[in-house]
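Novice: Predicted coordinates and the sequence they were generated for:
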Amino acid sequence: MSYDSFGSRSDRYQKRRKNTKMINTLIVIAILLIAFLIGMYVFGGDDGEEQGQTDTPNAESQDNTNEDESPNENNEEDLNEEEENMDQDESPQSDDNTDTEETNEDETNNEEEPTEPENSEEVQEVIDGEWAPYPTEQEEPHTIEFSDGSQDRTEMEMAISEAIDIPRDNLIYWWLESGGVPDRIIGYVEDTTNQEYYRVYLRWITNEGWQPQRAEVLYENLGKQKLEENSQD
């Protein structure tokens, strides 16, 4: 065997040995790298799961909060519906009260306004005025008394006199009638100074006296006509 052959074999052995060492080094590096990646995956995945688990209660809490808020919204809706129902329930009552008030006003007006004469051609003029009751000296309960000289008759005549602003002594009281109504009087009088004829409506106000409600100037002496008609009967 020559020296050259031995040297070539030795060189090849050294090269193979270097290559083997390098391969082993690369294998170790690769194993370490793989181990590092596996470790990162394992521990990083656990942290992610823990973070996910940590975040989950917050989400659940938020869901619970939303669920808690939902009943409040439902309660508010229920309260609004109840208020609307109450308003609807109160509306008919308000309408009933309005109808009652209108009815009462109509009744009051019917009581305060005397009956219009059937024949408006009888009336020459209506005397406007707001009259106070003529102060009474009578006690309740009141009863109508037409007898001449009675307290009730005297107060009727005074109330009529004040309604048309003519002294009582200047008037002829031709006819007084109630028409069957216990607190109403219609009086027919004549002014002797100028021969004008009047019809005056009175109403009895409890504890106050006779109050003029309406006064009219007539074309004719209707009071005298009524007296004559009743005298014939």
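Specialist: Noted; the coordinates are in hand.

Novice: Excluding covalently adjacent residues, which one is nearest to Leu147?
Specialist: One thing to correct before we go on: residue 147 is Ser, not Leu. Among residues not flanking Ser147 along the chain, Arg153 sits closest, at 6.1 Å (C-beta to C-beta, 6 or more residues apart in numbering). Yep, even glycine has a C-beta here, placed from its N, CA and C like the rest.

Novice: What residues sit buried inside the helix or strand containing that neighbour?
Specialist: Here Arg153 is covered by helix 151-164, with elements defined by DSSP states H and E. Residues of helix 151-164 classed as buried: 152-153, 155-164 (neighbour count, 16 or more other C-beta atoms under 10 Å).

Novice: ok so, going back, what's the residue nearest to Ser147 in contact with, if anything?
Specialist: By C-beta atoms under 8 Å, 6 or more residues apart in numbering, Arg153 lies in contact with 145-147, 176.

Novice: next one: Glu140
Specialist: 206-207 are the contacts of Glu140 under C-beta under 8 Å, 6+ apart.

Novice: which SS state does it fall under?
Specialist: Using DSSP: H, G, I helix; E, B strand; the rest coil, the structure places Glu140 in coil.

Novice: Now do the phi/psi pair for it.
Specialist: When read as degrees, to the nearest 10, the backbone of Glu140 gives phi -80, psi 150.

Novice: burial count for Ile185?
Specialist: Ile185 has 24 neighbours, counted by other C-beta atoms under 10 Å.

Novice: quick check, Pro182 in a strand?
Specialist: No. Counting by three-state DSSP, Pro182 falls outside a strand, being coil.

Novice: which residue packs closest to it, ignoring adjacent ones?
Specialist: Counting by C-beta to C-beta, 6+ apart, the residue nearest Pro182 is Ile144, at 6.6 Å.

Novice: And for that neighbour, the neighbour number?
Specialist: When neighbours are counted by other C-beta under 10 Å, Ile144 comes out with 18.

Novice: who's in contact with Leu202?
Specialist: 156, 159-160, 163, 184-187, 210-213.
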